[in-house]
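K.L.:
Return a 3D structure for these sequence lines:
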Amino acid sequence: LVEAKVQKLLEPLPLDEQNLLKIDSILKVLGVENAADVEKLLSYFLADADNAELIHPNDAIKAIKAFVEDHQRRADAARGKQHAAKKHAADEQQGPSREEVEFWNRMAGIISDKTARVWTALEKSLQKYNELLLSRSHKIQDVSALNTQNNELKALLNQYLAAKVNEDLIMPPTQTIRLDEFASFQGAAG
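P.N.:
Next comes the predicted model:
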């Protein structure tokens, strides 16, 4: 499959590299350019895709021929699509047709100025409402965090007040707090 000139050039290389270069040149001749093409070629050599059973070696030439024909057909179709796309792009660059201009002129007057003003005012109001809701959401999160922190501080204060060390003090903190409460209660009553 590889020309004699190429084989002579490959002789000084190690066997693995020789095989790799031979395979590469064969794939280039077949038109295989990427992994998808390799998988497509492989599918022609499978007798049964489910069992991954290979075709008989005598059918290999037929499989290669079928692959090359299909590959050529797909390449021709792709070139045809590219040509059509280029032509379509060139047509679009020429500018809009008279029908398109008339259509967009008719569409420009579909929504009245009054309706457009109402929608603009509605949009502004909805944006303000959205900002208000976002602000509320942030404040609710702040209040929740403060409540959690308050509960933690209450638990910590109760833990300190219930500590055994307070019994040994001349004036325990619990009595000081009660005196402050009594004074504030007297001040409110008087």
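
K.L.:
Enumerate every residue touching the residue nearest to the spatial centre of the chain.
P.N.:
Residue closest to the mean C-alpha point of the chain, counted by C-alpha atoms, centre = their mean, is A36 at 24.0 Å. Applying C-beta atoms under 8 Å, 6 or more residues apart in numbering to A36 gives no contacts. Quick note: C-beta positions are derived from backbone N, CA and C, even for glycine.

K.L.:
Equivalent analysis for the one 10 residues further on, please.
P.N.:
Contact analysis of L46 by C-beta under 8 Å, 6+ apart lists A52, E53, L54, I55.

K.L.:
The closest residue to the last one other than its chain neighbours: how many residues sit nearby?
P.N.:
Same thing as I55. Closest residue in space to I55, ignoring its immediate chain neighbours: A47 at 4.8 Å, by C-beta to C-beta, 6 or more residues apart in numbering. Applying other C-beta atoms under 10 Å, we find 12 other residues in the vicinity of A47.

K.L.:
does A47 really touch L54, like I thought?
P.N.:
Yes. Assessed by C-beta atoms under 8 Å, A47 is found in contact with L54 at 6.4 Å.

K.L.:
helix or strand right after the strand or helix carrying G80?
P.N.:
Element membership of G80, judged by DSSP states H and E, is helix 60-93. Sequence order places helix 98-108 as the next helix or strand after helix 60-93, per DSSP H and E.
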